[in-house]
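K.L.:
fold the stuff below for me.
(one chain, ligands or ions: 2)
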Amino acid sequence: MSELPGIVVTGASGRMGQMLIRTVAASEACRLVGATVREGHDWIGRDVGEAMGGAALGVTVTDDALEAFSHAQAVIDFTSPAATVEFAGLAAQARCVHVIGTTGMGEDDLARIAAAARHATIIRAGNMSLGVNLLMKLTRMVASALDADYDIEIVEAHHNRKVDAPSGTALMLGEAAADGRGMRLADVRDAARDGITGARKRGDIGFSAIRGGDIIGEHDVIFAGEGERLVLRHVASDRSLFAKGAVKAALWGQGKKPGEYDMLDVLGL
Ligand SMILES: NC(=O)c1ccc[n+]([C@@H]2O[C@H](COP(=O)([O-])OP(=O)(O)OC[C@H]3O[C@@H](n4cnc5c(N)ncnc54)[C@H](O)[C@@H]3O)[C@@H](O)[C@H]2O)c1
Ligand SMILES: O=C(O)C1=N[C@H](C(=O)O)CCC1
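P.N.:
Ligands and ions are numbered 1, 2, ... in the order given. I've put the predicted structure just below:
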């Protein structure tokens with residue numbers, strides 16, 4: 001019988017990193033074979049389960065990503081844009097499926113990931129949950145049914161440690177709304193209102209970001225017309241939602257041709 005796919009989790013000490021370690025270790029469909037952290041981190045050399053304050057998992061934390069990837073079939077990566085771009089090259093070298101949950105990437109980062117996807121299977125999504133990916137489909141559908149008499153506003157709320165705004169999810173929803181209207185988000189995006197902004201421009205898609213406490217992730221897509229308002233909402237109440245989606249993506253990616261995929265591909269939506 002062949003072995004289950006081996007998975008490395010990068011950024012193992014982070015909020016999502018720890019959730020991913022627990023999710024992969026508990027899965028019956030894959031094995032945890034590596035856990036990486038930043039250079040100089042005090043978890044290096046320790047068992048990752050013990051470093052997290054629990055039982056040993058038999059995996060020693062390392063900062064040598066390429067060495068860790070060389071024993072794996074997939075890498076699950078929820079870190080930072082700079083780290084993710086570097087890991088994309090290393091995962092391609094090690095011939096691992098690279099699942100990317102990291103958000104806040106700029107155009108240069110995305111171009112480098114696209115370059116890595118010429119040689120590797122990359123699955124990237126700003127949100128790995130089924131609910132948000134369904135919400136994207138609904139958003140596209142509603143945006144194509146309602147004309148620009150309905151102003152589209154995307155409101156997102158996250159915990160007070162989040163470093164990027166708008167969230168990756170808000171941008172995915174914005175892309176879906178723009179697509180539904182036959183537009184490019186870059187041409188209609190309004191993400192920075194402050195001061196005397198002037199009246200709202202017809203057809204723009206507005207973004208607002210709330211940051212506070214321990215909010216895991218909430219997104220509203222508002223279609224505001226004269227006399228009525230339609231609101232599509234997703235509320236995440238548990239980070240394991242994202243981790244389970246990422247594991248599903250890592251397993252789905254096994255044996256897939258090199259290229260860049262997303263959660264709509266994984267979920268068949
Ligand atoms: N796609 C999704 O479904 C989804 C869900 C939740 C979070 N996220 C995204 O995941 C990312 C991480 O979120 P978080 O809340 O876990 O943040 P976090 O700050 O708790 O964790 C990030 C971790 O990455 C580590 N890291 C950074 N550079 C590294 C490197 N070079 N090598 C190894 N580790 C490195 C940091 O030390 C940290 O431990 C963010 O971009 C966030 O928006 C995506
Ligand atoms: O906690 C975070 O950070 C999250 N990031 C993703 C985003 O930017 O949309 C998904 C939700 C949680």
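K.L.:
count of residues packed around the residue of the chain found nearest ligand 1?
P.N.:
Residue of the chain nearest ligand 1, by CB to the nearest ligand atom: Gly14 (2.2 Å). Placement of C-beta: from N, CA and C, glycine included. Using other CB atoms under 10 Å, Gly14 has 17 neighbouring residues.
K.L.:
likewise for Val142?
P.N.:
The burial count for Val142: 18, using other CB under 10 Å.
K.L.:
test my guess that it contacts Phe223.
P.N.:
Yes: the pair Val142 / Phe223 is scored as a contact, 6.1 Å apart, by CB atoms under 8 Å.
K.L.:
joint contacts of the two?
P.N.:
By the contact definition CB atoms under 8 Å, 6 or more residues apart in numbering, Val142 and Phe223 are jointly contacted by Leu230.
K.L.:
what lies in contact with stretch 181-190?
P.N.:
With CB under 8 Å, 6+ apart, stretch 181-190 has contacts from 143-144, 148, 171, 174-175, 177-178, 200-201, 203-207.
K.L.:
now Ala88, nearest residue through space, not along the chain?
P.N.:
The spatial neighbour of Ala88 that comes closest, neighbours along the chain excluded (CB to CB, 6 or more residues apart in numbering), is Ala116 at 3.8 Å.
K.L.:
ok, the one you found - contacts?
P.N.:
Counting by CB under 8 Å, 6+ apart, Ala116 has contacts 88-89, 91-92, 98, 122.
K.L.:
from these, which land in helices?
P.N.:
With helices taken from DSSP state H, the overlap with the contacts of Ala116 comprises 88-89, 91-92.
K.L.:
and the pLDDT at Ala192?
P.N.:
As predicted, Ala192 sits at a pLDDT of 88.
K.L.:
that one falls within a strand, correct?
P.N.:
No: under DSSP: H, G, I helix; E, B strand; the rest coil, Ala192 falls outside any strand and is assigned coil.
K.L.:
Thr79 in helix, strand or coil?
P.N.:
coil.
K.L.:
run a quick neighbour tally on it.
P.N.:
Neighbourhood size, Thr79 [other CB under 10 Å]: 22.
K.L.:
I'd say it and Gly104 touch.
P.N.:
No: the criterion here is CB under 8 Å, and Thr79 misses it with Gly104 at 10.6 Å.
K.L.:
and of the ones in helices among the contacts of Ala116, the nearest to ligand 2?
P.N.:
Ala88 (18.4 Å).
K.L.:
quick check, Ala94 in contact with Ala72.
P.N.:
Yes: the criterion here is CB under 8 Å, and Ala94 meets it with Ala72 at 7.1 Å.
K.L.:
returning to that earlier point: pull out the buried members of the contacts of stretch 181-190.
P.N.:
143, 171, 174-175, 177-178, 204-207 (16 or more other CB atoms under 10 Å).
K.L.:
in helices, which of those residues fall?
P.N.:
143, 171, 174-175, 177-178.
K.L.:
can you put those residues in CSV and add distance to ligand 2 and pLDDT?
P.N.:
Output for those, formatted as CSV (distance: CB to the nearest ligand atom, whole Å; pLDDT from 0 to 100):
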residue, distance to ligand 2, pLDDT
Ala143, 19, 98
Leu171, 8, 98
Gly174, 11, 98
Glu175, 13, 98
Ala177, 15, 98
Ala178, 17, 98
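K.L.:
for this protein, which residues are neighbours of ligand 1?
P.N.:
10-11, 13-17, 36-38, 78-80, 83, 101-104, 125-128, 168, 242 (CB under 6 Å from any ligand atom).
K.L.:
in stretch 256-266, what's buried?
P.N.:
Those would be 260-263, 265-266, for stretch 256-266 by 16+ other CB under 10 Å.
K.L.:
pick out whichever of those residues sits closest to Leu134.
P.N.:
Of all the buried residues of stretch 256-266, Met263 has the smallest distance to Leu134: 10.2 Å, by CB to CB.
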